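Q: A predicted structure for the sequence below; I have some questions about it.
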Amino acid sequence: MKRVHILTGILAFVLMSALFSVRNEMEAQSPPVPTRLLSVGTTSTTLNSNTQLLAAANTGLRYYISEASCVNVSASTVSAAIIKDGTTSIWVIPCPAAGTAQNMTVFNPPLRMPTAATAVNFAGTAAATTLYFNARAYVDR
């Protein structure tokens, strides 16, 4: 009877070792944890030059913009917000004059910035009293 318990214990030990070995091997082969970090940028400008919205992501990472909005509080100056990858124009969002509601644009799929480790900027197409610009994005490869 004592032999049966010892053999059962050894068998259980061998099976558990094999199970943990397979589990560790599977974990080693699993893909890395996604780097999707939510970023929200909010800024305003009175000029039609580049204004930083989101600071440059880390090396090898880029922004994916899922939503953006623009409000133009100028009484009569019609403008638009240009989303830029650094200094390269990517997308234009209309910002009509005397806007009181946000002009929300949803990107589905998200707008992928072409260059990694580059700031996302925006600029108005015309100098305005104030353009408010907001964007929601995530960072990934």
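A: Looks like it came in fine. Numbering: from 1, shown residues only.
Q: can we go C-alpha only for contacts and neighbour counts from here?
A: Noted.
Q: how far is stretch 86-96 from where the chain is centred?
A: Once both centres are worked out by CA atoms, centre = their mean, to the nearest Å, stretch 86-96 turns out to sit 17 Å from its chain's centre.
Q: can you list contacts of it?
A: Contacts with stretch 86-96, where a contact means CA atoms under 8 Å, 6 or more residues apart in numbering, come from 50, 69-72, 77-84, 103, 105, 113, 118-121, 131.
Q: and if you look at stretch 48-55?
A: 39-45, 87, 118-128, 134-135.
Q: how about that stretch: buried residues?
A: 48, 49, 50, 51, 52, 53, 54 (16 or more other CA atoms under 10 Å).
Q: could I get that stretch in CSV with only the CA atoms?
A: C-alpha atoms of stretch 48-55 as CSV (Å, rounded to 0.1, in the frame of the first residue of the first chain):
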residue,chain,number,x,y,z
ASN,A,48,-3.1,79.3,-38.8
SER,A,49,0.3,77.7,-37.9
ASN,A,50,1.2,74.4,-36.4
THR,A,51,0.1,73.8,-32.8
GLN,A,52,1.1,70.6,-30.9
LEU,A,53,-1.8,68.5,-29.9
LEU,A,54,-0.1,65.2,-28.9
ALA,A,55,3.6,65.0,-28.0
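Q: quick one: that stretch to chain centroid distance?
A: Here the centre of stretch 48-55 is set off from its chain's centre by 17 Å, with CA atoms, centre = their mean.
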